[in-house]
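Would you be able to build a 3D model of this:
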Amino acid sequence: MLWRPDSNSTIPVASVTPACDPGYGVKVENTSGALPASDGSVEENRRSPATVLNRTRYGAGGDLSVTDPTAEPEWARVAGGGTYVWHDHRIHWMSEAEPPSLAGADAGKIQDWSLDVVVDGAPVVVHGELTREPAPSPWPWLGLAVVAGAATFAAGWRWPRRGPAVALAAAGGLAAVTSLLAELDLPAATGRRWSFVAIPALAALCALGAAVAPRSRYALALLAASAVVLPLWIGLRWSALVNAVLPSPSGAGLQRLAIALALGAVLGTAAVAARSVATSARAAAAEGPAGAPAA
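Numbering: from 1, shown residues only. The predicted model follows:
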């Protein structure tokens, strides 16, 4: 199965009948073709309609004119190492409408599924089930974000430049590390999104520069850049707070922690900036026009 966005659906494999030992050639029987694997190499039949249909979520939009299920297979190597990841419509819900099996419930089993494969000439059936998990509550993480924001504001009260910069650098660094681990946790064939790593890394570097040299002429610009860039990553990862299943199967709690801390650092920095502007405005008003003391 290819990479999927954050969701509340899981697709566990329940059983393989009969059981198979590793090291055998496997052919996955598809809609009108097969995906054979032998001696560590993986090939797919480019003439099979399934090759085109499985490229999109609902099997629409593909050019079937280049396929012919009755023609001689046109095998093309797609992977090595004996493993391959692909999108298969038989294991997920194929409609945008709510599954009737849930009967309006927020969680439960959607459907059973099965895949027919051939292992060294012997037929094998892989059984599984598609289920929807209860959506997690985002409120504990938002509460943590408020605490992190208050801590950032307190640090900014004591150290107006360095305090927020350190908070943004730490939050951005954690966001970059968790994103890197999440992307590496996915098979390469799913299409890793390195922008999810680069964006918080850039925010962390900008904030780090402001923290190291808070009196530099560039410090405020670096701090502002970090506070603007990091929310982009928060927006991209926001769905992780409200979906039970993340693309990366491990470290879900750590990913949500990173989002909460990043949000808190940004909000705290914004509060520090607002306080600084308000303080400057009051000082200017007290001086009166042209710098004259107020009456």
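
use CA for all of it now, contacts and neighbours both
Noted.

quick one: average confidence on the host helix or strand of R282?
If you go by DSSP states H and E, R282 is part of helix 252-287. The average of the pLDDT scores along helix 252-287 is 91.

That one packs against which elements?
helix 139-158, helix 162-184, helix 219-237 (3 or more C-alpha pairs under 8 Å, 6 or more residues apart in numbering; DSSP states H and E).

if you set the cut-off to 6 Å instead, what comes out?
helix 139-158, helix 162-184 (3 or more C-alpha pairs under 6 Å, 6 or more residues apart in numbering; DSSP states H and E).

List the buried residues in it.
Of all the residues in helix 252-287, those buried under the rule 16 or more other C-alpha atoms under 10 Å are 252, 255-273, 275.

What of stretch 135-152?
Applying 16+ other C-alpha under 10 Å to stretch 135-152 flags 135, 138, 141-142, 144-152 as buried.

what's the answer for stretch 56-68, then?
Buried positions in stretch 56-68, judged by neighbour count with 16+ other C-alpha under 10 Å: 57, 67.

still on that earlier bit, ok, which of the helices and strands packed on helix 252-287 comes nearest Y84?
Proximity to Y84 (C-alpha to C-alpha) singles out helix 162-184 among these, at 15.7 Å.

what's the following helix or strand after the closest one?
helix 195-212.

Could I get the average pLDDT for that following helix?
On average, helix 195-212 scores 97.

before we move on, the earlier item: out of the helices and strands packed on helix 252-287, the one nearest W75 is which?
helix 162-184 (28.9 Å).

what angle sits between that closest one and helix 219-237?
Going by axes from the mean of the first three to the mean of the last three C-alpha atoms, to 10 degrees, helix 162-184 is angled at 40 degrees with respect to helix 219-237.

in helix 162-184, what counts as buried?
162-180, 182-183.

what residues does it touch?
152, 155-156, 192, 197, 200-201, 203-204, 207-208, 210-211, 214, 248, 255, 258, 261-262, 265, 269 (C-alpha atoms under 6 Å, 6 or more residues apart in numbering).
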